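*Asks:* here's my sequence, what's the structure:
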Amino acid sequence: MKKTILLALMFVSGIALGQDYRSGDTELDASLKIVNTDGNKDLASFKLSLTKTFNVTLPKVEACFKVGMNAGDAFMACQISTIVKRPLEDVISVYKKSKSKGWGAMAKELGIKPGSAEFHALKGKAKDKSKGNSGKSDGNGKSKGNSGNSNGKGKK
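*Replies:* Have a look, this model is predicted:
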């Protein structure tokens, strides 16, 4: 009995650790694994952060989990929805029928081409989230800073 429980726990933890997002980009996949791990530490707070970050209702976020998404998947679904300006339900529908293909194929099906500005925005936002930055996304991935350009005078 103890061996069965131990084997079951090892199997489940192996699935969690071995999550493969198949986005086509190893850096994005690694970021999503971190987002998933961090999100699972306090799933209720993570879900609420998705509602605030992406301006979606909690029932819509819950719908992601009801179709089998984990925290990393739900973040990706919300981010794609924002970037392609389509309802989260559209992304969930694509996920339900194409999840075995991975997020790279699903993003492409939803209009995000590999290597495009939208793909780089997706990758950048996942990287930010994996580092604990959860600022509201505008979906374009472009910096609004001055890139170090300064007149050298400083404040008076």
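*Asks:* quick one: low-confidence ranges for this protein?
*Replies:* 1-19, 133-156 (pLDDT under 70).
*Asks:* now do the same contact list for residue 122.
*Replies:* 28, 76, 79-80, 83, 107, 112, 141 (CB atoms under 8 Å, 6 or more residues apart in numbering). No exception for glycine: its C-beta is placed from N, CA and C like everyone else's.
*Asks:* make JSON lines out of those and add secondary structure and distance to residue 50.
*Replies:* Shown next, in JSON lines, are those (DSSP: H, G, I helix; E, B strand; the rest coil; distance: CB to CB, whole Å):
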{"residue": "28", "secondary structure": "helix", "distance to residue 50": "18"}
{"residue": "76", "secondary structure": "helix", "distance to residue 50": "11"}
{"residue": "79", "secondary structure": "helix", "distance to residue 50": "10"}
{"residue": "80", "secondary structure": "helix", "distance to residue 50": "13"}
{"residue": "83", "secondary structure": "helix", "distance to residue 50": "15"}
{"residue": "107", "secondary structure": "helix", "distance to residue 50": "18"}
{"residue": "112", "secondary structure": "coil", "distance to residue 50": "19"}
{"residue": "141", "secondary structure": "coil", "distance to residue 50": "19"}
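*Asks:* from the residues you listed, keep the buried residues only.
*Replies:* Neighbour counting by 16 or more other CB atoms under 10 Å classes 28, 76, 79-80, 83, 107, 112, 141 among the contacts of residue 122 as buried.
*Asks:* tell me how far residue 74 lies from residue 114.
*Replies:* Remark: distance between residue 74 and residue 114 (CB to CB, to the nearest Å) = 22 Å.
*Asks:* which of the three states applies to residue 132?
*Replies:* Assigned with DSSP: H, G, I helix; E, B strand; the rest coil, residue 132 falls in the coil class.
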